[in-house]
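Enquirer: Output the structure for:
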Amino acid sequence: MTAYAMDLRKSADLQTEVNQLSEKEVEILKSSVASDTVVEDEAPPTYSECTTITLTRDIKQAFTPGRSLYINSRGIGMIRFPTPSSELEIPIYNQDGSLAYVSTRDKRCSGDAVLSSPNLGNLLITTYFFGPGRHPVLSLLYPTPFTRGSPDINKDITVAGKFISRSADFDMPDGSKFEWRYVPLGYDGGGRSKLLVLEKIEGKGNGSRRRVAQLLRTKQTIPQGSSKHRAGCGGELVLDQNAHLDIDETVIVGTCLLMLKREVDRRRAIQMMVMTGVVAN
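Expert: Down below sits the predicted model:
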């Protein structure tokens, strides 16, 4: 089977899932036509010191920036055929420009990826599924402080939430709960942008939230060759200085890449809907 034929086959899987969406879910998906970054022209805020972020429930969360990683993902544009992304490798760099991680897919038609380190080899496998109730699964290839000593040491990490959703939650083997979601960021000058934020949820229900990482995408941090209009574009992944006490860095990177993958799938779904006439001009 040619690569083009496999691309069409994988696109057909996504098309099938799009066809199964309810009217409400279609409206949610259509709303994602707007950029997930929503970057304005004004200068972004400075992260050289402790900052706060405005949440929808008007709760202020302190965040002290620590380690930064740069995800060099170009993403996909709006005007294109709804084929899978051609990026088979996504490098992630340290602040000094050295390579920290690489996310690799064997085939363009596959969403499965392996996250590896130049020094430690393969660290994490992400298995991506399409279809109702078939959530992506992350498999750690080494013990961490958050799996060591747990009766579920070999338990995979399932990332829940439909691909149309702009949030995704997962449980670590030690029972801790986390969620990625988009939140608006206000700053001086009247401009607004969106952060992709990872929070630890403590307590029952929604509980209290504590931010452990965020992906910042501005003109200064978006990779060269990409733009704010491209779904799945990378940026500066900033970890809280105490993030290592809550979750392994590999899981932060792997789940962040998964959120970018979902951005791409939402964009491709919109492109399919346009091509089939589901979205009216």
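Enquirer: low-scoring stretches of the chain, by residue?
Expert: Across the chain, the ranges flagged by pLDDT under 70 are 1-61, 130-133, 146-154, 185-193, 205-207, 278-281.
Enquirer: That one: strands as residue ranges?
Expert: Taking DSSP state E as the test, the strands found in the chain are 51-54, 60-63, 65-71, 89-93, 99-104, 113-117, 121-127, 137-140, 157-158, 167-171, 177-186, 192-202, 208-216, 235-240.
Enquirer: looking at those, which is buried most?
Expert: Of all the strands of the chain, strand 235-240 carries the top mean neighbour count, a mean of 23, counting by mean count of other Cβ atoms under 10 Å. All C-beta atoms are positioned from the backbone trio N, CA, C, and that covers glycine.
Enquirer: what's it packed up against?
Expert: strand 65-71, strand 208-216, helix 249-275 (3 or more Cβ pairs under 8 Å, 6 or more residues apart in numbering; DSSP states H and E).
Enquirer: returning to what we had before: any chance of the strands of the chain in TSV, with distance to Leu258 too?
Expert: As requested, the strands of the chain are exported to TSV (distance: least, Cβ to Cβ, whole Å):
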stretch	distance to Leu258
strand 51-54	22
strand 60-63	22
strand 65-71	12
strand 89-93	12
strand 99-104	10
strand 113-117	9
strand 121-127	6
strand 137-140	8
strand 157-158	10
strand 167-171	7
strand 177-186	8
strand 192-202	11
strand 208-216	12
strand 235-240	13
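Enquirer: wait, which of the ones you listed is closest to Glu263?
Expert: strand 192-202 (8.9 Å; Cβ to Cβ).
Enquirer: Now do that closest one against helix 249-275, angle only.
Expert: 130 degrees (axes from the mean of the first three to the mean of the last three Cα atoms, to 10 degrees).
Enquirer: Strand 192-202 pairs with which strands?
Expert: strand 177-186 (antiparallel), strand 208-216 (antiparallel) (DSSP bridges).
Enquirer: For Val251, find the nearest of those strands.
Expert: strand 177-186 (8.3 Å).
Enquirer: How about Phe125: what's its closest non-neighbour residue?
Expert: Just to correct that, residue 125 is Ile rather than Phe. Ser139 (4.5 Å; Cβ to Cβ, 6 or more residues apart in numbering).
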